[in-house]
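Engineer: Got a predicted structure here, sequence first:
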Amino acid sequence: MSQVHLIDHPLVQHKLTLMRRKDASTSSFRRLLGELSSLMAYEVTRDMPMQDIEIETPLETMTSKVIDGKKLVLVSILRAGNGILEGMLSVVPGARVGHIGLYRDPKTLTAIEYYFKMPGDMQDRDIVVVDPMLATGNSAIAAVERLKEMNPRSIKFVCLLTCPEGIGALQAAHPDVPIYTAAIDRQLDSHGYILPGLGDAGDRIFGTK
């Protein structure tokens with residue numbers, strides 16, 4: 001579990017509790033997800049490399065630190081990952097964005113890819129993969145496998161919720177990829193949903209159910 005980072009800041013936990021409620025409206029769920037994702041971004045980017053630049057304050061010239069946001073790529077697993085993406089971009093607006101489309105076969109629960117679009121020159125970039133739920137782990141595993149083909153500098157995985165089964169699967173397949181999450185829930189049900197969870201994140205973000 002050394003690669004699992006539980007972000008238990010009170011504001012993160014408060015907003016997650018409000019999102020879990022079944023009577024939360026689509027608009028409030030979406031707003032809370034954006035706010036929560038922005039808060040999580042602070043922890044996920046804590047170890048981002050920095051460089052010194054020379055600037056002028058109103059009083060004098062000085063050397064100060066900045067991040068190179070262009071070296072960061074936020075990769076959304078469609079479609080639900082887009083809900084986290086917006087909040088992350090509000091904190092690091094200079095980041096590049098990639099998308100990977102995966103859907104879960106309802107019978108086998110395996111991930112099937114239907115879309116893949118990334119920035120160029122991924123070899124020098126740090127990737128943060130975002131998806132609200134790490135459930136069976138199949139989509140996360142497939143996404144990371146695909147991204148590793150591009151030889152990025154590093155990969156992290158960020159989700160709102162996960163469970164022991166999802167953590168175990170992703171760590172078994174990709175032990176080098178750290179997981180950042182706001183909660184580790186009890187278990188999966190027979191349909192591959194996290195319990196107690198918050199339902200289908202994509203449906204709740206986009207109001208499609």
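Structural biologist: Great, that's in hand.

Engineer: just the helices in this protein please.
Structural biologist: Ranges of helices within the chain are 10-20, 26-44, 81-91, 138-148, 164-173, 201-206, based on DSSP state H.

Engineer: Give the buried residues for the first one.
Structural biologist: Across helix 10-20, burial judged by 16 or more other CB atoms under 10 Å covers Val12, Lys15, Leu16, Met19, Arg20. In short, each C-beta sits where N, CA and C put it, glycine included.

Engineer: swap in the fourth one?
Structural biologist: Residues Asn138, Ser139, Ala140, Ile141, Ala142, Ala143, Val144, Arg146, Leu147 are the ones in helix 138-148 that count as buried (16+ other CB under 10 Å).

Engineer: other SSEs contacting that helix?
Structural biologist: strand 72-78, strand 96-104, strand 111-117, strand 126-130, strand 154-162, helix 164-173 (3 or more CB pairs under 8 Å, 6 or more residues apart in numbering; DSSP states H and E).

Engineer: Tell me which residues of the third one come out buried.
Structural biologist: Going back to what we said before, that points to strand 111-117. By neighbour count with 16+ other CB under 10 Å, strand 111-117 contains the buried residues Ala111.

Engineer: what packs against that strand?
Structural biologist: Applying 3+ CB pairs under 8 Å, 6+ apart, one finds that strand 111-117 makes contact with strand 96-104, helix 138-148.

Engineer: Can you give the contact residues for it?
Structural biologist: 78, 98-105, 138-139, 141-143, 146 (CB atoms under 8 Å, 6 or more residues apart in numbering).

Engineer: and the angle from that strand to strand 96-104?
Structural biologist: Angle, strand 111-117 to strand 96-104, by axes from the mean of the first three to the mean of the last three CA atoms, to 10 degrees: 160 degrees.

Engineer: Low-confidence regions, the chain specifically.
Structural biologist: The model of the chain has pLDDT under 70 over residues 1-2, 69-70, 109.

Engineer: picking that back up, taking the contacts of strand 111-117 together, which two end up most distant?
Structural biologist: Gly98 and Asp105 (23.1 Å; CB to CB).

Engineer: neighbour-wise, which of the two wins?
Structural biologist: Gly98 (20 against 10; other CB atoms under 10 Å).

Engineer: unless I'm mixing things up, the more buried one is touching Val75, no?
Structural biologist: Yes. Using CB atoms under 8 Å, Gly98 is in contact with Val75, at 4.2 Å.

Engineer: As JSON lines, the helices and strands packed on helix 138-148 with distance to Lys65 would be great.
Structural biologist: Compiled in JSON lines, those are given as follows (distance: least, CB to CB, whole Å):
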{"stretch": "strand 72-78", "distance to Lys65": "16"}
{"stretch": "strand 96-104", "distance to Lys65": "21"}
{"stretch": "strand 111-117", "distance to Lys65": "32"}
{"stretch": "strand 126-130", "distance to Lys65": "17"}
{"stretch": "strand 154-162", "distance to Lys65": "20"}
{"stretch": "helix 164-173", "distance to Lys65": "32"}
